[in-house]
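Undergrad: just a sequence and a predicted model for now, questions to come.
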Amino acid sequence: MRKGIYKSAADLRGMVAPGVLTAKALDAVRERIVPGATTIELDAIAESVIRAGGGEPNFALVPGYRHTICSSVNEDVVHGIPGDRVLEPGDIVSIDCGAQVNGWNGDSAITVVIPDPSRPELVAERQRLSDVTEASLWHGIAALAKAKHLNEVGSAIEDYIDSQGEFGILEDYVGHGIGRSMHEAPTVFNYRVRDKGPAVKAGLCVAIEPMVTLGGIDTFVREDDWTIATEDGTAAAHWEHSVAVHANGIWVTTAHDGGAAALAPLGVTPVPIP
């Protein structure tokens, strides 16, 4: 059964273009996460970049969803729907985005904290949350590069976050495989579990995405039936990359450099997909 999660070398090469296009869309959105911008404006920017690059927004292919990004602000963790919400100083904004090119998919997320000189302590706290979440993602990716089984990734993410202080790691929402569909098997946990998971070998392609809060891990779904928010109202951060394992190593398809800069301090050198 698990043979179905491993892709051919040609398949992995197909994953590169949508990954790069996803990264470009997020680059463009990041520049416009400023006070006064609306989340629907950010959505339009991402859609424009993806379509101009010859791709299709894969979030819009999900039944019941018609946008290019998910925009989650402050206590909203994931799956926020873009709309007329105006961003304000001090907001912590998570943007999840994906592109499909020639039937293959990319999926990635970033978190940005908008400066607010009047509330430096709030901004610092939220920036640290984002930084810890992003670093935990890279620790998970570095673990994947050396792992025998997939669930070593979640252990690495949890260990890093725990070493940084008191944070909540969401358990109800996890990472996933990615390929012809944006969401495929296998499940990628962001925390330690008993099961080892599938073997890490050439052909495995997964989206790793820790979702972390400043408080508890309990969440609820807002009235829009999409947005996931923290029960205790604490802020959240979300970082994600799509990563391919191939015969010569790993490559982060949604990072322009394959993850080289972020992985170097962790002793990992990504190798382009041959």
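TA: Noted; the coordinates are in hand.
Undergrad: mind listing what's buried along the helix or strand D96 falls within?
TA: Element membership of D96 [criterion: DSSP states H and E] is strand 92-101. Buried residues in strand 92-101, counted by 16 or more other Cβ atoms under 10 Å: I92, V93, S94, I95, D96, C97, G98, A99, Q100, V101. For every residue, glycine as well, the C-beta is placed using N, CA and C.
Undergrad: the closest residue in space to W226 that isn't next to it in sequence: how many residues sit nearby?
TA: In this structure, W226 finds its nearest non-sequential neighbour in H79, 4.7 Å apart by Cβ to Cβ, 6 or more residues apart in numbering. Close neighbours of H79, defined as other Cβ atoms under 10 Å, add up to 22.
Undergrad: contact partners for H79?
TA: C70, S72, D96, W226, T227, I228 (Cβ atoms under 8 Å, 6 or more residues apart in numbering).
Undergrad: so which of these is the most crowded?
TA: Highest count within the contacts of H79 by other Cβ under 10 Å belongs to S72, 28 neighbours.
Undergrad: hang on, that one packs against H238?
TA: Yes - using Cβ atoms under 8 Å, S72 makes contact with H238 at a distance of 6.6 Å.
Undergrad: identify the contacts common to the two.
TA: Common neighbours of S72 and H238 are listed as V78, S94, D96 (criterion: Cβ under 8 Å, 6+ apart).
Undergrad: how about the contacts made by S72?
TA: S72 touches V78, H79, G80, V93, S94, I95, D96, T227, I228, A236, H238, counting by Cβ under 8 Å, 6+ apart.
Undergrad: partner residues bridging the fourth one?
TA: Taking DSSP bridges as the rule, V93 bridges to V73, V112.
Undergrad: any idea how far it lies from A244?
TA: 28 Å (Cβ to Cβ, to the nearest Å).
Undergrad: check which helices and strands the helix or strand harbouring D27 sits against.
TA: Taking DSSP H and E as the definition, D27 sits inside helix 16-31. Secondary-structure packing of helix 16-31 (3 or more Cβ pairs under 8 Å, 6 or more residues apart in numbering; DSSP states H and E): helix 39-52, strand 92-101, strand 104-113.
Undergrad: quick one, which of these is packed in tightest?
TA: Greatest average neighbour count among the helices and strands packed on helix 16-31 goes to strand 92-101 (a mean of 28), per mean count of other Cβ atoms under 10 Å.
Undergrad: what helices or strands is that strand leaning on?
TA: If you count contacts as 3+ Cβ pairs under 8 Å, 6+ apart, strand 92-101 packs onto helix 16-31, helix 39-52, strand 56-57, strand 69-73, strand 76-78, strand 104-113, helix 120-146, strand 236-238.
Undergrad: pLDDT on it, on average?
TA: The average pLDDT for strand 92-101 rounds to 98.
Undergrad: low-confidence ranges in the stretch 101-250 of the chain?
TA: Along the stretch 101-250 of the chain, segments meeting pLDDT under 70 are nowhere present.
Undergrad: centroid residue for this structure?
TA: Centroid check for the chain by Cα atoms, centre = their mean gives E240 as the closest residue, at 1.7 Å.
Undergrad: isn't it up against E209?
TA: Yes - between E240 and E209 there is a contact under Cβ under 8 Å: 3.5 Å.
Undergrad: overlap of the contact sets of the two?
TA: A109, L137, G175.
Undergrad: for A185, state which of the residues you listed is nearest.
TA: Ranked by distance to A185 (Cβ to Cβ), the shared contacts of E240 and E209 are led by G175 at 11.4 Å.
Undergrad: who does the closest one bridge with?
TA: V188.
Undergrad: quick one: contacts for it?
TA: G175 sits next to T187, V188, F189, N190, V206, A207, I208, E209, E240 when contact means Cβ under 8 Å, 6+ apart.
Undergrad: so which of those residues comes closest to I114?
TA: E240 (20.1 Å).
Undergrad: ok, back up a step: ok, which of the helices and strands packed on strand 92-101 comes nearest T253?
TA: Each of the helices and strands packed on strand 92-101 has some distance to T253 by Cβ to Cβ; the shortest is helix 16-31, at 2.9 Å.
Undergrad: that concludes my questions; thank you for your assistance.
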